[in-house]
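Chemist: Predicted model and sequence follow; I will ask about them next.
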Protein chains: 2
Amino acid sequence: MFSKATEYALRATIYLAKKSSPDKKIGIGEIAKAIDSPPSFTAKILQSLTKDNTLVSSVRGPNGGFFLTENAKKLPVRAILIAMGEDEVLEKCVLGLKRCSEVQPCPMHEQYKSIKQLLIKLFTNKSIQQLANEIKEGEVYISNKINHQ
Amino acid sequence: MFSKATEYALRATIYLAKKSSPDKKIGIGEIAKAIDSPPSFTAKILQSLTKDNTLVSSVRGPNGGFFLTENAKKLPVRAILIAMGEDEVLEKCVLGLKRCSEVQPCPMHEQYKSIKQLLIKLFTNKSIQQLANEIKEGEVYISNKINHQ
DNA sequence: ATAAATAAAGATAACTTTATCCTTTATTGT
DNA sequence: ACAATAAAGGATAAAGTTATCTTTATTTAT
């Protein structure tokens, strides 16, 4: 459904929502291990998400790292898709037709429409924080590597 | 959601379900124009789908081309995804986690589960022929190029 | 038989995505 | 100030996807 980059972005951001705060920054090493992603690549992705500082924030140096502000945690999960430039996935025609619309529907349009609506609702109504809260404490949820340390 | 190759495969196969039969083969030129796809690339894709001859069939030479048998038309749309090796898209975790499952759910698992079920149902229960039938006669459905001929 | 038509196969190229590594810059604690 | 730390930035590479072109093989019609 999404690119690897976006999958990592979603996982990393959810992890940060759970574990970080402006007082508790998380290094790329811990993040990558926790979400089971390549560290350098994940760093690049997170760096791109810090560009406008509304989603992910970061501080360099000792005790630095990545974190989410309380405001960022309240954003819909869809904000991550938008930041990654992959929001269109939720809206686009399942057959990839540019002109597909209500007035000019593709053969799958009607039936796929309701699925799209559910997808959009899920990503729009669910906040990053709400997702983070669904991670049960002590549970291996993203990678089982982090819990064996 | 799907790769370009799979989008072309879906469009081409639906088009063939509508327009072709063992008695009426369609050339790659017409197909590509109709579904608005690059001809050579589409040819490659269709060729790969003719490999086992259960989905797309083809004959070379004059009056040759691609076509679908009546049996092929009865296959679920999902057969195209399977042939393209992209069936996993319907089943996989939305966060890309290998271990995500009922017993070890990711934070989106529960809510995404129902969407996945709808997706699987749509692609499994709908036959290629049924989709083709939803194309209204004379309607521009895939590309508006073909109707201007 | 031969020529024409058309898919199949192969080689290759352009572009994108994924990924790594190294250097630079900023921050913190001493 | 200085040293250590960690993200930011840049260059590059490997792999995968998308796309094109040329040659070959097959089929049909004459």
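Modeler: Structure received.
Chemist: near DNA strand D, which residues of chain A?
Modeler: A:25-29, A:40, A:43-44, A:46-47, A:50, A:58-66 (CB under 7 Å from any atom of the strand). C-beta here means a position set from N, CA and C on the backbone, and glycine is covered the same way.
Chemist: which stretches of chain A have low pLDDT?
Modeler: Applying pLDDT under 70 to chain A flags the ranges A:137-149.
Chemist: touching DNA strand C at all, stretch A:93-104?
Modeler: No: judged by CB under 7 Å from any atom of the strand, stretch A:93-104 stays clear of DNA strand C, getting no closer than 13.9 Å.
Chemist: Go through that stretch and flag the buried ones.
Modeler: A:93-97, A:100 (16 or more other CB atoms under 10 Å in any protein chain shown).
Chemist: Now do the end-to-end distance for that stretch.
Modeler: 11 Å (CA to CA, to the nearest Å).
Chemist: Is there contact, residue-wise, from it to chain B?
Modeler: Yes: interface with chain B: stretch A:93-104 contributes A:94-97, A:99, A:104 (CB under 8 Å from any CB of the partner chain).
Chemist: Sort out for me which of the residues you listed are in helices.
Modeler: Within the residues of stretch A:93-104 next to chain B, no residue falls in helices by DSSP state H.
Chemist: Looking at the residues you listed, which are in strands?
Modeler: Among these, no residue falls in strands (DSSP state E).
Chemist: Of those residues, which is the nearest to A:I80?
Modeler: Relative to A:I80, the closest of the residues of stretch A:93-104 next to chain B is A:V94; by CB to CB it sits at 21.9 Å.
Chemist: what about the helices in chain A?
Modeler: Counting by DSSP H, the helices of chain A are A:4-19, A:28-35, A:39-49, A:70-73, A:78-83, A:88-91, A:109-125, A:128-133.
Chemist: Tabulate the ones you listed (CSV), appending mean neighbour count.
Modeler: Conversion of the helices of chain A to CSV gives the following (neighbours: other CB atoms under 10 Å in any protein chain shown):
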stretch, mean neighbour count
helix A:4-19, 24
helix A:28-35, 20
helix A:39-49, 17
helix A:70-73, 16
helix A:78-83, 20
helix A:88-91, 13
helix A:109-125, 16
helix A:128-133, 18
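Chemist: looking at those helices, which is closest to B:S20?
Modeler: So among those, helix A:109-125 is nearest, using CB to CB, at 22.5 Å.
Chemist: which residues are contacting that closest one?
Modeler: Helix A:109-125 has contacts (CB atoms under 8 Å, 6 or more residues apart in numbering or on different chains) with A:76-78, A:81, A:90-91, A:93-94, A:100-102, B:108, B:111-112, B:114-115, B:118-119, B:122, B:126, B:134.
Chemist: contacting residues around A:D87?
Modeler: A:D87 neighbours (CB under 8 Å, 6+ apart): A:78, A:81.
Chemist: what separates it from A:P107, distance-wise?
Modeler: Here the criterion is CB to CB, to the nearest Å. By it, A:D87 lies 25 Å from A:P107.
Chemist: same check, this time on A:Q129
Modeler: A:Q129 is 39 Å from A:P107, by CB to CB.
Chemist: can you check A:E70 too?
Modeler: Counting by CB to CB, the gap from A:E70 to A:P107 is 46 Å.
Chemist: Then A:K44?
Modeler: 39 Å.
Chemist: Same question for A:P22.
Modeler: 50 Å.
Chemist: Those two: who's more crowded?
Modeler: For the pair A:P22 and A:P107, the greater number of neighbours falls to A:P107 (29 against 12), based on other CB atoms under 10 Å in any protein chain shown.
Chemist: I figured that one hits B:I14, correct?
Modeler: Yes: at 5.8 Å, A:P107 and B:I14 qualify as touching, with contact defined as CB atoms under 8 Å.
Chemist: what touches both of the two?
Modeler: By CB under 8 Å, 6+ apart, the residues touching both A:P107 and B:I14 are A:95, B:131-132, B:135.
Chemist: any chance of those residues in JSON lines, with distance to B:M1 too?
Modeler: Listed next are those as JSON lines, based on distance: CB to CB, whole Å:
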{"residue": "A:L95", "distance to B:M1": "10"}
{"residue": "B:L131", "distance to B:M1": "16"}
{"residue": "B:A132", "distance to B:M1": "21"}
{"residue": "B:I135", "distance to B:M1": "21"}
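Chemist: Now for those: which two are most distant?
Modeler: A:L95 and B:A132 (12.5 Å).
Chemist: quick one: common contacting residues for these two?
Modeler: A:107, B:14.
Chemist: Does A:I135 touch A:K18 like I think?
Modeler: Yes: if you go by CB under 8 Å, A:I135 and A:K18 touch, sitting 5.5 Å apart.
Chemist: Nice, that's everything, thank you.
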